Structure formats: C-alpha cells, structure tokens
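Novice: pasting the sequence and the predicted coordinates here, then a few questions.
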Amino acid sequence: MKTDIAVQNIPFYWATIFFRRLLKAGVRHVIISPGSRSTPLTMAAAAQSRLRKQVILDERSAAFTALGVGKATGHPAVLVCTSGTATANYFPAVIEARQSGVPMILATADRPPHLRSTGANQAIDQLKLFGGYPVFFHEVGEPGLGDDDLKRLAMLSRQAVGLSQQKRGPVHLNFPFRKPLEPEPGFVKKISDENSDKPLSGNSEWRQDGSFHLSDKIQQAMRSARRPLIVVGPTAPGDDTGSIAGLAKKLNAPVLTESTMPDQQHVSHGFAIFLRNKHVREQLQPDLLLRFGFQPTAKSLEKALGDWQPGHHLHFASTSDWQDATFSESEHLPWGGRPLSLGGLPDSGGDSWLKKWKRQELLAEEHLQVAMNGPEALTDGHIYHHLLPQCPDDHFVAVSNSFPARDVQLFGGRVTRHPLLLNRGASGIDGVTSTAMGISLGIDRPGVLVTGDLAFLHDANALLNRETVTQDLTVIVINNVGGSIFRMLPIEQHDTYFENYFETPQSADVQRLAASFHIPCHRIQTLEQIRQFDLKQWQKQHRGLSVIECRTNADASMELRKTCWSYSP
C-alpha cells in the first residue's frame, strides 16, 4: 500500500496509474474537453509526454474525433470530460462506434457517491448512461491506494483496451472524484519526470489469434459455384480486406465493394448504375453470394440482394451484431475481420462470369460519361466526377451520409483505390467533419472529406479544432441549399410543407463561416470553374484544413441521378 502520498495528490496519482497502463496497452491518443471534476484525469494525461493530447471544447465534436482515430487506426482513443451534460454529449458518437465496430474509451469524471441524488450541482446519473451501447461499462470507484485497488485499476486499463478491440466498440469507465481535485505542483513535476523515465513494455494491442477457417461445407459450396459473387459493405477497423481480394482471385469472382480494396483486379465498378436495371440483375444472378462487413449503402445493391436467390448466401460478419436488412442470408458467420484461411481452395479456371460483370462495368461507364455531358449547370455529380480523380494516391477519402454516401458510388468511379471511410453504423449526418479530423489525426496522412451543406453546418463546431489537423485536410462542401435527399421520397409532392420542414434550405454563408475560423475557402459555382480547378495546386497553396464550397443546382443534380438510374444496356 502507498502511504507516502498527500491526500490532495491521491486522485492525480490514481489517474496517473490508469494512463500509464493505457500507454502500455497501446493507447496513443487522448482527447480532452475542459472541466473541473475531470482535473485528475486531465492532469495525468497532460503529464504523460508520450501521449498525444488534443483539447476540444465541444464534447460531441471531441467524441466524433475519437471515433475517427479509432476508425482509422483500430486502436481506441481515450475521451476525458467532466460530469453532467458533458458526458451526455458523447452519446451520438458512442452509438456510431457501437454500430460500426469502432474501439473507443470514455473516461468520464463524476461526483462522488455521497453527492448523487442530493441536488448537488452538475451531478446527473451517469451509471450506464449510454444503456446497452458500450461493449463494457465499469464504475471505477473512488481513488484508493491499497494494493488491490491499484492492481484492479491496472487491470481495468488493460481490460478497457482489450474489450474495445476484441468486442469492437466503446468502453465507458466512470470515475468519481471528491475534492480536492488539484495536485501539488511539485508532485506533478515528480510524476512527469517518472513518466519520461519509465520504459514501455507489455502488450501493445489486443490481437485476434489465427485465421478464419472455412468449413468443409463452405469450401464445397465455393468449389461447386459457377457464378460466385463477393459483396463488401462498409467494414470495421482492422478487417482484413486483403484476404477478401485473395479469395476473389481464387474463385475468379467479381467483387462489389464499398470499402477500400488493396487489389482492384476483380472489383466491378459502376454497380450503383447497372444494378438499377431489372434485366441486368436477372442476368447477373449469382449461385453463391459471399457478403462481408456491414449492410451495403447503394440502393441498387440492396435491391439486388433482396431479389437474388443464390443457393448459398453467406454473411461474414465484422461484429457480433446481426446485419441482414434484406432477410436474405442463409448463414451468419462470425468472421470478425480475421484473415481467411484459403489453403484448401483450388484456383478457379474460367473467367466468363467475371467478364460478364466487367462488360456491364464498361457499359455503365459509357452511360455515365454521356449523362455527365448533359447538364449545363453545376451538379453534385460533377464534384465526384472532376475532383475525386484528382486526389493523390496517399490521401484517404471520407464521405458524409445522406446523398454523398450514395453519390460516391454513383459518380465516384474507382474511389475505392483510396482508403474510403464513412460513418455507416447509424448513418447520421452529425459529427462528419470531426470524424474526418480524427481520421487524419490517427493515421497522420492527408485526406479529402466530401460533405453536404447541412452536415457541414451541423458540425460547424469542428472548425474550432483546426489546430488538430497537422496534415492537409480538404473539406469539399456540396452546397445544394438543403436536404436534397428528401427529393427521393414521396414527401416531395407536398409542396406546402416540403421546403420548410424537410429540405430546409439554409442561409448561412459557408465562405464567411470558414473565414471566421481563419480557414481558407474557395467557392466553385459553374461547370467551367470546376473543370479548371486544380485540387493539388490548391492543397500546395493552403496547408492544413481548407474548405472548397461547391454551389450546385439541386434540380439539375436530381435529373442527372435519374438519367444515371435509367441505365439500359
């Protein structure tokens, strides 16, 4: 038992043990929102020089930034906040993390038990505040210096990291602290010096052991298939898409993917166009369907999955959560993103089935090229068609929900050659810019975010965090004056209510908003301007966070989509 620590230093020392163990377990990022009750946690993180700390004022934005770090790296970032509604602001990102299998650790400060349910200031019920969304919750208890107390705290750190990665989701640890919260300055310096001297050892990360074994039954289905098809929806961090590409090569199977694929040889692009056609869907009926990851985004693919009736529809699930919105799978397999064991599979000889898909891909590309030449006004489609191909190979591409998540498949061409990241767990438009910042922070590489005007404005507080962006992050805002996706729904026919209550056009000036945060912004309004725009040159001249606002015509954009959807070979 530690007996030589002054009372006012105990909370800080307690938090120090926690962060030392997190560091050994592989944590590198801590995202702090300012507050008083969390002082011990904040000071302990600040005194650990080997942790990368970001201070983000808005807890909702902070949580989505942590989500981006976890999404990009597969390692949890740690969130620190004070008690009360600060903790509640984490909820949207907690939901997204659980729904999309992203590791995250929440270290929330709380009032001590004797102040709960007393009307004490800034005290709410934080026990299991997030319901069933965390994969693990623990009420840490008040700081103690007993041997068992310190051993349990050290174990808890490893437990939090391990479970967030093993179970793929958020972990919530609730830390009650009583005053005094502030340690003595001399003690902080002593601990800081000790932190710098301590060697890092121990397990750097949790790993799932071994490969995913394909049963004899599955291997037999693969050998017997004449028309195998692989569908890859959004995937969880760390999912081994490389072995999916290896499986495609073994089976000579086309791959329809909404995730990054390291080998594009078997990837069939343009399915968001050609699978809209019923006759084409019938022609391309597979006899074996192998689906990986989460539910696909493209409506054409969702329709095809519901229509097709293959002999076997196997879903290789990224997490334990069920993902079968079309009620069509015949077997659910707990893949968990592990490498596939392909040793027992022979190579397939024929390529006539793959050629059928590649033929439709070429016809869809021709159809798209003709469609793109039609509009005289700048449309949403032109943004993907002209700007995304200019992305350098080392960039990641992040995409907002609503129309951007669908349009990137329709107009984005071969975008899956880049790391492609979307928040498709709960598919909200909140926290999009913050998530992209977290991705950039986590993998320390440049990127492009394509987002809509409503999503951009919804997360405007993220612009406060521009200093967290050390690499180039170009935010392309498609400003079509409101929620154009509602034009796909029957509510559009209700003229009296549609614009004011659903499409909700905004009057905010994106350029002035960016300028108020000292962020450079360029506006594109015409076809000629987008054809002449050089993305690489813009990035050379504007390092860090920058914004490109593209003012598009919503009516022309919708007509262009309908033209693409009318594909008939």
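Specialist: Ah, there it is. Numbers count the residues shown, from 1 in each chain.
Novice: point out where the stretch 401-550 of the chain drops to low pLDDT.
Specialist: 416, 483 (pLDDT under 70).
Novice: buried set for stretch 125-136?
Specialist: The neighbour-count criterion (16 or more other Cβ atoms under 10 Å) identifies 126, 129-130, 133-136 as the buried residues of stretch 125-136. Just so you know, the C-beta spots here come from the backbone N, C-alpha and C atoms, and that holds for glycine as well.
Novice: ok, residues contacting that stretch?
Specialist: If you take Cβ atoms under 8 Å, 6 or more residues apart in numbering as the criterion, stretch 125-136 is touched by 83, 87-88, 90-91, 94-95, 97-98, 106, 108, 110, 116-117, 137, 139, 159-160, 163-164, 167-172, 174.
Novice: any of those buried? List them.
Specialist: 83, 87, 90-91, 94-95, 97-98, 106, 108, 110, 116, 137, 159-160, 163-164, 167-172, 174.
Novice: where do the helices sit along the stretch 201-350 of the chain?
Specialist: 216-224, 241-251, 271-274, 278-283, 299-307 (DSSP state H, counting those that start in this stretch).
Novice: ok, now the stretch 451-569 of the chain?
Specialist: Assigned by DSSP H, counting those that start in this stretch, the stretch 451-569 of the chain shows helices spanning 453-458, 495-498, 510-516, 527-532, 535-541, 554-565.
Novice: I'd like those written out as JSON lines, with distance to K355 and mean neighbour count added.
Specialist: Shown next, in JSON lines, are the helices of the stretch 451-569 of the chain (distance: least, Cβ to Cβ, whole Å; neighbours: other Cβ atoms under 10 Å):
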{"stretch": "helix 453-458", "distance to K355": "39", "mean neighbour count": "22"}
{"stretch": "helix 495-498", "distance to K355": "45", "mean neighbour count": "10"}
{"stretch": "helix 510-516", "distance to K355": "46", "mean neighbour count": "16"}
{"stretch": "helix 527-532", "distance to K355": "34", "mean neighbour count": "13"}
{"stretch": "helix 535-541", "distance to K355": "34", "mean neighbour count": "14"}
{"stretch": "helix 554-565", "distance to K355": "23", "mean neighbour count": "19"}
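Novice: among those, which is nearest H315?
Specialist: Of all the helices of the stretch 451-569 of the chain, it is helix 554-565 that lies closest to H315, at 26.8 Å by Cβ to Cβ.
Novice: and that closest one with helix 299-307, angle?
Specialist: Between helix 554-565 and helix 299-307, the angle formed by their directions is 40 degrees, by axes from the mean of the first three to the mean of the last three Cα atoms, to 10 degrees.
Novice: tell me how far helix 554-565 lies from the chain's centre.
Specialist: Its chain's average C-alpha position is 28 Å from that of helix 554-565, according to Cα atoms, centre = their mean, to the nearest Å.
Novice: how is the chain divided into domains?
Specialist: By the record's domain assignment, the chain is partitioned as 7-197, 212-349, 374-565 (automatic domain parsing).
Novice: what's the closest of the ones you listed to E365?
Specialist: Proximity to E365, assessed across those by Cβ to Cβ, is greatest for domain 212-349 (5.8 Å).
Novice: quick one: mean pLDDT for that closest one?
Specialist: Per-residue pLDDT values over domain 212-349 give a mean of 87.
Novice: and that domain, how far out from the chain middle?
Specialist: 21 Å.
Novice: count of neighbours near the residue lying closest to P310 once chain neighbours are set aside?
Specialist: Leaving aside its sequence neighbours, P310 sits nearest to L289 (Cβ to Cβ, 6 or more residues apart in numbering; 4.5 Å). Residue crowding around L289 was assessed by other Cβ atoms under 10 Å; the count is 26.
Novice: so how far is N121 from L289?
Specialist: 57 Å (Cβ to Cβ, to the nearest Å).
Novice: how about P392?
Specialist: Here P392 is placed at a distance of 51 Å from N121 (Cβ to Cβ).
Novice: report the two of the buried residues of stretch 125-136 separated the most.
Specialist: Taking Cβ to Cβ as the measure, those reach their widest spread between Q126 and V135, a distance of 17.5 Å.
Novice: end-to-end on stretch 397-406?
Specialist: Across its full length, stretch 397-406 reaches 14 Å end to end, with Cα to Cα, to the nearest Å as the criterion.
Novice: go on, stretch 396-415?
Specialist: One end of stretch 396-415 sits 10 Å from the other (Cα to Cα).
Novice: how about the domains of the chain in TSV, adding distance to W357?
Specialist: What follows is the domains of the chain, written out as TSV (distance: least, Cβ to Cβ, whole Å):
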stretch	distance to W357
domain 7-197	28
domain 212-349	4
domain 374-565	15
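Novice: so which of these gets nearest A364?
Specialist: Shortest distance between A364 and the domains of the chain, using Cβ to Cβ, is found for domain 212-349: 3.3 Å.
Novice: if we can go back for a sec, go through the buried residues of stretch 125-136 and flag which are in helices.
Specialist: Judged by DSSP state H, helices contain none of the buried residues of stretch 125-136.
Novice: how close does the residue nearest to D239 when sequence neighbours are not counted sit to H313?
Specialist: Using Cβ to Cβ, 6+ apart and skipping residues adjacent in sequence, the residue nearest D239 is G337, 3.5 Å away. Between G337 and H313 the distance, using Cβ to Cβ, works out to 20 Å.
Novice: tell me how many other residues crowd R523.
Specialist: By the criterion of other Cβ under 10 Å, R523 has 15 neighbours.
Novice: so it touches F533, yeah?
Specialist: No. Under the contact definition of Cβ atoms under 8 Å, R523 does not touch F533, with a separation of 10.7 Å.
Novice: which residues are common contacts for the two?
Specialist: Jointly contacting R523 and F533 under the rule Cβ under 8 Å, 6+ apart are I548.
Novice: one step back: which one of the domains of the chain lies nearest to L363?
Specialist: Each of those was scored for nearness to L363 using Cβ to Cβ, and the closest is domain 212-349 (6.8 Å).
Novice: low-confidence ranges, the stretch 1-150 of the chain, go.
Specialist: Counting by pLDDT under 70, the low-confidence segments of the stretch 1-150 of the chain come to 1-3.
Novice: all helices for it, in order.
Specialist: Chain-ordered helices for the stretch 1-150 of the chain, with DSSP H, counting those that start in this stretch as the definition, fall at 10-24, 39-46, 59-73, 85-88, 91-100, 147-166.
Novice: dump those helices into TSV; add distance to G350 as well.
Specialist: What follows is the helices of the stretch 1-150 of the chain, written out as TSV (distance: least, Cβ to Cβ, whole Å):
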stretch	distance to G350
helix 10-24	52
helix 39-46	58
helix 59-73	38
helix 85-88	57
helix 91-100	37
helix 147-166	40
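Novice: any idea which of these is most buried?
Specialist: Between the helices of the stretch 1-150 of the chain, helix 59-73 has the highest mean count of neighbours, a mean of 29, where neighbours are mean count of other Cβ atoms under 10 Å.
Novice: what is the orientation angle of that helix with helix 91-100?
Specialist: Between helix 59-73 and helix 91-100, the angle comes out at 20 degrees (the same axes, to 10 degrees).
Novice: for helix 59-73, C-alpha coordinates in CSV please.
Specialist: Once non-C-alpha atoms are left out, helix 59-73 reads as follows in CSV (Å, rounded to 0.1, in the frame of the first residue of the first chain):
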residue,chain,number,x,y,z
GLU,A,59,-17.8,17.1,-26.2
ARG,A,60,-19.9,16.0,-29.2
SER,A,61,-17.1,17.0,-31.6
ALA,A,62,-14.5,15.5,-29.3
ALA,A,63,-16.3,12.2,-29.3
PHE,A,64,-16.5,12.1,-33.1
THR,A,65,-12.8,13.0,-33.4
ALA,A,66,-12.1,10.0,-31.2
LEU,A,67,-14.3,7.9,-33.4
GLY,A,68,-12.2,9.0,-36.4
VAL,A,69,-9.0,8.0,-34.6
GLY,A,70,-10.4,4.5,-33.8
LYS,A,71,-11.9,4.1,-37.3
ALA,A,72,-8.6,4.9,-39.0
THR,A,73,-6.2,3.0,-36.6
